[in-house]
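Next come a sequence and a model predicted from it.
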Amino acid sequence: MKARTRIMQTPDLGLPPTRTVNPELHRGSTVYFDSYADLRSAGLGEYGGVTYGTDRLPQQRILEKAIGELEGAALTRVFPSGISAISETLLAFVQGGDHLLVCDNVYGPTLRFCREVLGKFGVQTDTVPGNAGADIAGYLRPNTRLIFLESPGSNTFEIQDIPAITGIARERGILTVLDNTWATPLFLDPFALGVDISIHSVTKYLSGHSDVLMGSVSTTAEHAQTLDKAYACREIYGSPDDCMLTLRGLKTLHVRMREHFASALKVAQCLQDHPLVGDVLYPPLPSHPEHHLWKRDFSGASGLFGITLRHEYAPEALGAFLDSLGLFGMGFSWGGYKSLITAGVPARNLGGRHHGQTIIRLHIGLEDPEDLMVDLRHGLSLLEKQTPLE
Ligand SMILES: Cc1ncc(COP(=O)(O)O)c(C=O)c1O
């Protein structure tokens, strides 16, 4: 055998199988078959194993099982980002002529996809208030096919009365989908509340280290086949490396979420008493308007919440506060170990609470909350020297 042929072969080490603690990482497009019989059965869709890279390599299948078990789902699939998980779910379950209801407090691109992409195919979208409950009945049309919820909304933090909505939806054969990224499967069980499909931006807490973009969709048995077929048709898949990093992140989800919750609660309580702060938008606080729903349906809270200020400030003045922070990174997304901060006026279709007001959004990471409060107090003391707009 010539050298260039030899180099194309994979040397056989002749060792017994190596069993590391974590599963072996497979990267690949082509997957070998042992025989022509196996290759043929793959072509006929009858092969029991993985047939190709887009057929979900083992790392991905392990991750899907792990998330599915956390969710108590019949079927879970992962996607290359949270927004792709959302858009592919909508594509799988709606068709031209359908009507959708979407909570007004959803992640902006979710609503944009409904309007700008699904709209092109004759799907109509209306919004309902972020704190909707049984009053959702008033928004239904004969062709309403799906209700999309995000509770709490990740910018304005209103909570929906999920069981009231799913009860009405089930009576009328309407599908309910929940973006459960904020609570994670640890703090809210969507299927127990009657939701049909649960979505996560895995990018956030499930992976947990700001080094992965990924999404997941989990369904009850009733809708598993529709999701599975649509997924296979589109040949979407998660990168093996991202699946590996997410599996690593999942192992510490319980520990991290406990810390995020405890620290965020401390920081939220301190901010509530600060003279410059108006409202603290964190469902575990009794002052949150849907605190009773949080208490009823959730068993914990994540590290993400918002605050409003007693007065509005010009962007330069607000910058004096945000730019001074040493422990809060300024940037989008959340759910990692690092504390983050953003500020802006959330876009809304319906009025709603804090309409037109600046919301400063904090993600409380895994640093010591006392250090975070020192940083925030210092920043707010600089803001105090600025002149408010009103
Ligand atoms: C609630 C929520 N859902 C979905 C997404 C989209 O996730 P990704 O960034 O993974 O596309 C985000 C992103 O910030 C989000 O906040």
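That came through fine.

Using the three-state scheme, assign Arg361.
strand (DSSP: H, G, I helix; E, B strand; the rest coil).

That one: how many residues sit nearby?
21 (other Cβ atoms under 10 Å). All C-beta atoms are positioned from the backbone trio N, CA, C, and that covers glycine.

just the one 10 residues further on next, same as before
Applying the criterion other Cβ under 10 Å, we find 12 residues in the vicinity of Asp371.

Please give me every residue in contact with the residue nearest to it when sequence neighbours are not counted.
Spatial nearest neighbour of Asp371, excluding adjacent residues (Cβ to Cβ, 6 or more residues apart in numbering): Leu327 at 6.2 Å. Leu327 makes contacts with 339, 367, 371-372, 375, as judged by Cβ atoms under 8 Å, 6 or more residues apart in numbering.

So for stretch 371-379, what gets flagged as buried?
Neighbour-count burial for stretch 371-379 flags 372-373, 375-376, 379 (criterion: 16 or more other Cβ atoms under 10 Å).

In strands only, show me the residues you listed.
Applying DSSP state E to the buried residues of stretch 371-379, no entry is found in strands.

ok, Lys385 - how many residues close by?
If we define neighbours as other Cβ under 10 Å, then Lys385 has 8 of them.

Using a markdown table, please lay out the buried residues of stretch 371-379 together with distance to Phe33.
Formatted as a markdown table, those follow (distance: Cβ to Cβ, whole Å):
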| residue | distance to Phe33 |
| --- | --- |
| Leu372 | 55 |
| Met373 | 60 |
| Asp375 | 58 |
| Leu376 | 59 |
| Gly379 | 61 |
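
tally of neighbours for the closest residue to the ligand within the stretch 51-200 of the chain?
Sorted by distance to the ligand under Cβ to the nearest ligand atom, the residues of the stretch 51-200 of the chain start with Gly82, at 2.3 Å. For Gly82, the count of nearby residues is 25 (other Cβ under 10 Å).

That one contacts Trp182, correct?
No - under the criterion of Cβ atoms under 8 Å, Gly82 makes no contact with Trp182, lying 11.8 Å away.

returning to what we had before: would you quantify the distance from the nearest residue to the residue of the stretch 51-200 of the chain closest to the ligand once chain neighbours are set aside to the ligand?
Once flanking residues are discounted, Gly82 sits nearest to Ser201: 2.6 Å by Cβ to Cβ, 6+ apart. Using Cβ to the nearest ligand atom, to the nearest Å, Ser201 is found at 3 Å from the ligand.

Report the contact partners of Ser201.
Contacts of Ser201 by Cβ under 8 Å, 6+ apart are 81-83, 85, 107, 179, 181, 214-215, 335.

what about 6 Å?
If you count contacts by Cβ atoms under 6 Å, 6 or more residues apart in numbering, Ser201 has them with 82, 181, 215.

quick one: which of these sit in helices?
When these are checked against helices (DSSP state H), the matches are Gly82.

mind putting the contacts of Ser201 in CSV, pLDDT included?
Output for the contacts of Ser201, formatted as CSV (pLDDT from 0 to 100):
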residue, pLDDT
Gly82, 98
Thr181, 98
Gly215, 98
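
Just the closest of the contacts of Ser201 to Ala73, please.
Gly215 (14.1 Å; Cβ to Cβ).

burial of the closest residue to the closest one other than its chain neighbours, as a residue count?
In this structure, Gly215 finds its nearest non-sequential neighbour in Ala85, 2.8 Å apart by Cβ to Cβ, 6+ apart. Neighbour count for Ala85, taken as other Cβ under 10 Å: 26.

Over to Gly278?
16.

try Asp242
For Asp242, using other Cβ under 10 Å, the count is 22.

circling back to that earlier point, among the contacts of Leu327, name the ones in helices.
371-372, 375.

Quick one: the helices in the chain, in order.
Using DSSP H, helices in the chain cover 3-6, 36-43, 58-71, 82-93, 108-112, 162-171, 184-187, 221-234, 240-251, 253-272, 291-297, 315-322, 369-384.

any chance of these in a markdown table, with distance to Gly153 too?
Output for the helices of the chain, formatted as a markdown table (distance: least, Cβ to Cβ, whole Å):
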| stretch | distance to Gly153 |
| --- | --- |
| helix 3-6 | 59 |
| helix 36-43 | 44 |
| helix 58-71 | 21 |
| helix 82-93 | 14 |
| helix 108-112 | 10 |
| helix 162-171 | 13 |
| helix 184-187 | 16 |
| helix 221-234 | 24 |
| helix 240-251 | 24 |
| helix 253-272 | 17 |
| helix 291-297 | 13 |
| helix 315-322 | 22 |
| helix 369-384 | 23 |
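
Now do the nearest residue to Asp161 once chain neighbours are set aside, the pLDDT please.
Sequence neighbours aside, Gly133 is the residue nearest to Asp161 in space, at 3.1 Å (criterion: Cβ to Cβ, 6+ apart). At Gly133, the pLDDT value in this model is 98.

With Leu350 instead?
According to the prediction, Leu350 has pLDDT 86.

And for Gln60?
So, for Gln60, pLDDT stands at 98.

which residues touch it?
238, 243.

gap between it and Val202?
12 Å (Cβ to Cβ, to the nearest Å).

so how many other residues sit close to the residue nearest to Asp161?
Using other Cβ under 10 Å, Gly133 has 18 other residues around it.

Does it touch Ile162 like I think?
No - applying Cβ atoms under 6 Å, one finds Gly133 not in contact with Ile162, separated by 8.7 Å.

coming back round to it: out of the buried residues of stretch 371-379, which is nearest to Cys270?
Nearest to Cys270 out of the buried residues of stretch 371-379 is Met373 (Cβ to Cβ; 5.1 Å).

Give me the nearest residue to the closest one, chain neighbours excluded.
Cys270 (5.1 Å).
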